[in-house]
Structure formats: C-alpha cells, structure tokens
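**Student:** The sequence and its predicted three-dimensional model are supplied below.
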Amino acid sequence: MVEEIRQQPAALERTLANELRGATVLRRLFSQKRPRLIILVARGSSDNAAQFGRYLLEITTGIPVSLAAPSVLSLYKRSLELKDVLVVAISQSGESTDTNLVLQQARRKGAFTVGITNRRASTLAQVAEHVFLVRAGEEKSVAATKTYTGQLLALYLLAYALGAAIQMDDLRRVIEGAGKTLGLEAEIAQRAQRYRFMEHAVVVGRGLNYSNALEFALKLMETCYVVAERFSTADFLHGPIAIIEAAFPIFIFAPAGVTWPGVAQLLERMAKIEAETLIVTDLSNAGAVKRFQGKFTRDLCIPFRLRNKRQPSDLYTPIPYIVPVQLFAACLAEAKGLDPDHPRSLKKVTRTL
C-alpha cells in the first residue's frame, strides 16, 4: 500500500499525458451536443471518486449530476429513459457487475457512455463509447490508493471535455503538490503512533473534499478496523456532533475558500470540547489553521500552496489532500500490527448485483 501511494505522482503524470488527447476530442463533440444531465455510477472507492465528480462537474459546468442507484436496474428490474444523458461508470477493475449492467442498459436507452477504469481489457472498457484509462499500473494492495487519485484526475479531464475552464498547467501543479506531500511520510508515521489504540473516529470534509472524508474513513475501516463515521461539515452539525467528547478523534479537511468559514466554526467547537483533532490543510490556509493549534489540535500541512485565484480556491485540493491520509492509514495499520494489503474478509475485485 505504501509503495503504491508513493507511485501516485508518476501514475498521474502518465494519465494526464496519455488521456488529454481523448479529452480534447470529447470537448469538440460535447461543444456540438451537450448532455442535459450526467449520471455517475460506481461502487466502493470509485463511488467516493464519483462524489467528487458530482461536485466538480456541477461547479465547473453547471450541468446537473446524479449518482446512480444500480439496484433500480439489478434488483428492481426498472429501466430509465436516458436520451441526451451522459452516463459515466467508474471502476478500478472494470469488472463490477452492477456498474457494467447500468452502463450497458444506459447505452441501449440512448445515453452517451464514458468509462473510467485502470484496465484496458476490462468489460467496462469494452462497453463504454469513450474510455479514460487510469494509467496506474497493477494495484496489488486491496486498498485502492493510486487508482482513486487517478480517477479524480480523469474526472478533471471529463470536466474539461464538457467545457469547464480546467487548465492543464493547474493539473500539473496538482501532481507536483501530490509529490511534495510524500515528503511528510516520516512525520505522518510518527503522528500515527499516537492513534494506535483508536477504535472509533469521525472524518469531516465539505464540498470538493467531502469525497476525501468518505475515502479516508473507508481506508480507516478496511485497513485499520477503526469504526469511522464520515460527514460533510454541514450535516455533522445537524446532530452527529453530539457523539464528540473530550479526546474523541476527529479528522477535518480544511482548505482555504468557501468551505473554510464553516470548518473554522467547527474547529472552535472541537477546541472547546478538547476533541483529539487532526487538520489536513496546505500553505494557502496554514496561517488561518495555526490559531487552532494546541494540546488537542494538530495539523498535517501540505508543503505546497494550492490556491488559484482564477478558480474556486479549493478546486485543485482533493488529490494532494488525500495523499497524507492514505499514508496515515497505512502507517496506523502498521502501528496496530495489521497488514493493510490484505484486510480480512476483502478481495481486490468485488462483484455485486
């Protein structure tokens, strides 16, 4: 798992270099016929990537986005009218049974179909009309890391194809930021020791980083056997905050920008409760975060400035922000004496209907 986390900058560079041409072809196609709706279908870590895609595509293109419920087709045997709809299936292996069923029916019902997968020879890649290949190479660890960030990058390329003002230089800076984040590995390994007896936790993020809250919590559950609840900052304040007490572990994604005021309010409340708080941020927001540092509040600061004045200021944070917590989960598993590459009861490819 750790080795595959370290491979991410190179995998992202390959994906961007090789998939940009196809995204440009799609951009010309969509400029002539724009979809009225986008539906994303996925499971597991890929579904967390889809949550990111929902925010990214709606923010940057204005096209409504929905997350598919595969059971409507696979269990309830209902079909949908999908003319002028773009259906995007996301799967690391490309062999998720219900995901592929949705894509197959979508194509029959008039949708334009796109696949995002790490496997060129997969069923998903054969069904979709256009494929973004996540060029991560074989992922041996059960815990998805480099395929998840590759899927996020592919979704940026899809947004570009749909006419969004995504700049390739900014995506290259994202990859650079992910690479610099790897320099925190020794610090993260040391921090993880503090949490080696942790059994419960909460992870909070909002907007574009809500997907990272979902993904980090999943990593804590599958590699460290920690019962990790995950929330958007807004939803967390509508009841679940009641579970927090002194020394309860909470992890918070805190980029600069429109989500920061709500996050700052939450941090103030966590400080009063004396919750065990770890904040993920970058140099763009390090000064604002610093005032919350104390006995029970610490931060993991990405040594890179991710703010871009031309775009929503957190637009390019999700890929660099997930890397330190991927490392944290791997290091915590080691501290607990667990093998993150082979979690109990899990296989690399899961097929569900």
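**Tutor:** It's in.
**Student:** mind listing the strands for the stretch 51-200 of the chain?
**Tutor:** Along the stretch 51-200 of the chain, the segments classed as strands by DSSP state E, counting those that start in this stretch run 65-67, 85-91, 112-117, 130-133, 200-205.
**Student:** Need the winner for burial among those strands.
**Tutor:** When the strands of the stretch 51-200 of the chain are scored by mean count of other Cβ atoms under 10 Å, the highest mean neighbour count falls to strand 85-91 (a mean of 28). Where you see a C-beta, it was placed from the backbone N, CA and C, and this is true even at glycine.
**Student:** partner strands of that strand, parallel or antiparallel?
**Tutor:** strand 37-42 (parallel), strand 112-117 (parallel) (DSSP bridges).
**Student:** hmm, back to that, in a markdown table, list the strands of the stretch 51-200 of the chain along with distance to K140.
**Tutor:** Converted to a markdown table, the strands of the stretch 51-200 of the chain look like this (distance: least, Cβ to Cβ, whole Å):
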| stretch | distance to K140 |
| --- | --- |
| strand 65-67 | 29 |
| strand 85-91 | 17 |
| strand 112-117 | 17 |
| strand 130-133 | 18 |
| strand 200-205 | 25 |
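**Student:** what would those strands look like in JSON lines with distance to E215 and mean pLDDT?
**Tutor:** Output for those, formatted as JSON lines (distance: least, Cβ to Cβ, whole Å; pLDDT from 0 to 100):
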{"stretch": "strand 65-67", "distance to E215": "15", "mean pLDDT": "97"}
{"stretch": "strand 85-91", "distance to E215": "13", "mean pLDDT": "97"}
{"stretch": "strand 112-117", "distance to E215": "15", "mean pLDDT": "97"}
{"stretch": "strand 130-133", "distance to E215": "19", "mean pLDDT": "97"}
{"stretch": "strand 200-205", "distance to E215": "9", "mean pLDDT": "98"}
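**Student:** Figure out how far stretch 185-203 is from the centre of its chain.
**Tutor:** Taking Cα atoms, centre = their mean, to the nearest Å, one finds stretch 185-203 lying 20 Å from the centre of the chain it belongs to.
**Student:** quick one: contacts of that stretch?
**Tutor:** 2, 213-214, 216-217, 220, 224, 226-231, 236, 240, 243-244, 248-252, 278, 298, 300, 324, 327-328, 331-332, 334-336 (Cβ atoms under 8 Å, 6 or more residues apart in numbering).
**Student:** Now do the end-to-end distance for it.
**Tutor:** 20 Å (Cα to Cα, to the nearest Å).
**Student:** and K272, which of the strands of the stretch 51-200 of the chain is closest to it?
**Tutor:** strand 200-205 (16.1 Å; Cβ to Cβ).
**Student:** Quick check: phi and psi at the nearest residue to V41 once chain neighbours are set aside.
**Tutor:** Of all residues not flanking V41 in the chain, A68 sits nearest, at 3.8 Å (Cβ to Cβ, 6 or more residues apart in numbering). As for A68, its main-chain torsions (degrees, to the nearest 10) stand at phi -70, psi 150.
**Student:** Next up, the contacts around A68.
**Tutor:** Counted by Cβ under 8 Å, 6+ apart, A68 has contacts I39, L40, V41, V87, V102.
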